[in-house]
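[1] What follows is a predicted protein model with its sequence.
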Amino acid sequence: MVTSPATTSNVLVLVVEDEPAIATAIARRLSGEGWRVEMALDGHAGVAMASSLRPDVVVLDVMLPGLDGLEVCRRIQAERPVPVLMLTARDDETDMLIGLGVGADDYMTKPFSMRELVARTKALLRRQERATRAAEIDTGTTALPPLVVGDVAVDRAQRRVHRGSAEVHLTPTEFDLLVTLVSSPRTVLTRERLLAEVWDWVDASGTRTVDSHVKALRRKLGADLIRTVHGVGYAFEPSEPATDTQEAGRPASPGGTAT
Ligand code: CA
């Protein structure tokens with residue numbers, strides 16, 4: 001099930017971790033996948049190396065001396081969007097970070113297994129590759145019709161979201177999660193299915209990633225759109241009645257609308 005990017009040897013992973021033993025162990029394991037791995041041992045070096053090396057994915061420890069992982073993630077993402085896998089100390093710290101909208105794509109709580117680290121890194125690379133391919137296909141055209149449910153409009157070609165007339169800025173992961181939810185409105189999607197479709201995870205036991213990202217979506221889009229089905233999953237259910245599902249066929253008016 002190794003569906004790694006077409007040219008594995010061209011993949012560059014940047015590991016930002018201040019504990020040399022952990023950084024080295026991670027680097028060694030990821031190198032074993034055939035990827036090039038660079039290490040930064042503090043936050044400032046991490047930001048600088050992300051800028052100069054342009055890695056395909058960043059593994060980023062949240063607890064760093066000086067410039068912490070949150071700020072490192074913000075600065076890296078502000079310069080160039082890149083998938084970030086953040087390493088946290090506790091599950092509630094993960095919640096907190098997602099709530100802050102730091103912009104990481106995935107989170108792993110220490111201690112973690114190297115096997116899982118590799119699986120998650122691969123998933124991020126697959127998603128990135130998929131997004132790149134989709135962007136290439138869609139360049140100049142709107143091959144994918146916009147999804148419009150209630151007052152939420154998702155332009156998959158441009159990867160832009162509006163609620164009413166207001167544009168909502170989402171991270172790549174939040175966007176993919178929203179597309180999955182909006183594509184099946186008023187349908188309960190299990191956490192496992194969301195993890196499989198959005199995160200490309202196979203084994204999804206005991207993760208809070210979905211819950212935390214739903215929380216982030218609610219914060220940005222409004223609390224009324226996504227219903228929690230306790231113990232099961234989530235459903236996209238805009239409160240507005242009628243005329244909701246207008247997928248294809250609707251005259252798309254991207255670009256033309258005043259903002
Ligand atoms: Ca650390």
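    That came in fine, so what should we check first? Residues are numbered from 1 along each chain as shown.
[2] which regions of the stretch 1-150 of the chain sit below the pLDDT cut-off?
    Across the stretch 1-150 of the chain, the ranges flagged by pLDDT under 70 are 1-9, 99, 135-143.
[3] residues from it in reach of the ion?
    Within the stretch 1-150 of the chain, the positions adjacent to the ion are D18, D61, M63 by Cβ under 5 Å from the ion. (Each C-beta comes from the backbone N, C-alpha and C, glycine too.)
[4] and with 6 Å instead?
    By the rule Cβ under 6 Å from the ion, the part of the stretch 1-150 of the chain lying against the ion is D18, E19, D61, M63, L64.
[5] Just the buried subset of those residues, please.
    Buried residues within those, counting neighbours by 16 or more other Cβ atoms under 10 Å: D18, D61, L64.
[6] What distance do you get for the residue lying closest to the last one once chain neighbours are set aside to the ion?
    In this structure, L64 finds its nearest non-sequential neighbour in G43, 4.5 Å apart by Cβ to Cβ, 6 or more residues apart in numbering. With the distance defined as Cβ to the ion, to the nearest Å, G43 ends up 10 Å from the ion.
[7] Count residues in the vicinity of G43, would you?
    Using other Cβ atoms under 10 Å, G43 has 24 other residues around it.
[8] same question, Q158
    The number of residues packed near Q158 is 14, by other Cβ under 10 Å.
[9] ditto for V168
    19.
[10] right, and it touches H162 too?
    Yes. At 6.7 Å, V168 and H162 qualify as touching, with contact defined as Cβ atoms under 8 Å.
[11] residue contacts, the residue most central in space within the chain?
    Among the residues of the chain, the one closest to the centroid is T173, at 2.4 Å (Cα atoms, centre = their mean). Residues in contact with T173 (Cβ atoms under 8 Å, 6 or more residues apart in numbering) are D105, D106, V198, W199, H213.
[12] most neighbours, which of the residues you listed?
    Busiest of the contacts of T173 [other Cβ under 10 Å] is D105, holding 28 neighbours.
[13] Now for R227, which secondary structure element holds it?
    strand 226-229 (DSSP states H and E).
[14] Quick check: V59 touching L12?
    No. Between V59 and L12 there is no contact, the gap being 11.7 Å when judged by Cβ under 8 Å.
[15] residue ranges of the strands in this protein, please?
    Along the chain, counting by DSSP state E, strands occupy 12-16, 36-40, 57-61, 84-88, 106-109, 147-149, 152-155, 160-163, 166-168, 188-190, 226-229, 233-236.
[16] which of the ones you listed sits most buried?
    strand 57-61 (a mean of 27; mean count of other Cβ atoms under 10 Å).
[17] Fine by me, we can end here.
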